Each structure stands twice: as C-alpha cells, then as structure tokens.
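Requesting a structural model of the entry that follows:
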Amino acid sequence: MPDQLNHVLTVVAHGMLTELPAQLATAAVMAGSAALCRHLRRRRAKAQEVQEAEEA
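The predicted structure is shown next:
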C-alpha cells in the first residue's frame, strides 16, 4: 500500500510540476491573442464609423 501511495504522489507531483505550467502558458497565450483580436476588431469598427461620418 505505501508503494501505491508513493506512486500516486509521484504522479500527481510530476503532473503539477510539468503539465500545469504548460497549460497555464497555453491559456495565457490564448487569452492574449483573443484580447488582441477583440481590440483590433473594435479599432477597425471605430475607424469605419469615423470614415462613414466624414463621408456624410
């Protein structure tokens, strides 16, 4: 039984130290790219509104 517990703790520790940081980095990159896309879309829409207002 202690061997199984030791194995489980080793696997959990390995996952927390190796896989979790990679998942957090991936989530950060995706959140950053989504924010950038949202910003660019709003910027284009605002520029288009200004251009339409100048033409009118």
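
now for the lowest-mean-pLDDT helix or strand in the chain, which elements pack on it?
The least trusted helix or strand in the chain, going by mean pLDDT, DSSP states H and E, turns out to be helix 2-14, with a mean of 92. The contact analysis (3 or more CB pairs under 8 Å, 6 or more residues apart in numbering; DSSP states H and E) places helix 2-14 against no helix or strand. All C-beta atoms are positioned from the backbone trio N, CA, C, and that covers glycine.

so after it, what's the next helix or strand?
Going down the chain from helix 2-14, the next helix or strand is helix 20-55, by DSSP states H and E.

now that following helix, how far from the chain's geometric center?
How far helix 20-55 lies from its chain's middle: 13 Å, per CA atoms, centre = their mean, to the nearest Å.

Same question for stretch 43-56.
For stretch 43-56, the separation from the chain centroid amounts to 31 Å (computed by CA atoms, centre = their mean).

What mean pLDDT does that stretch get?
What stretch 43-56 shows for mean pLDDT is 91.

Would you mark the buried spots in that stretch?
Buried residues in stretch 43-56, defined by neighbour count with 16 or more other CB atoms under 10 Å: none.

Alpha carbons only: can I get it in CSV?
C-alpha atoms of stretch 43-56 as CSV (Å, rounded to 0.1, in the frame of the first residue of the first chain):
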residue,chain,number,x,y,z
ARG,A,43,-10.5,49.5,-33.6
ARG,A,44,-11.5,48.7,-37.2
ALA,A,45,-15.2,49.2,-36.4
LYS,A,46,-14.4,52.6,-34.8
ALA,A,47,-12.3,53.6,-37.8
GLN,A,48,-15.0,52.6,-40.2
GLU,A,49,-17.6,54.7,-38.2
VAL,A,50,-15.3,57.7,-38.3
GLN,A,51,-14.8,57.3,-42.1
GLU,A,52,-18.6,57.0,-42.6
ALA,A,53,-19.2,60.1,-40.5
GLU,A,54,-16.6,62.1,-42.6
GLU,A,55,-18.2,61.0,-45.8
ALA,A,56,-21.7,62.0,-44.7
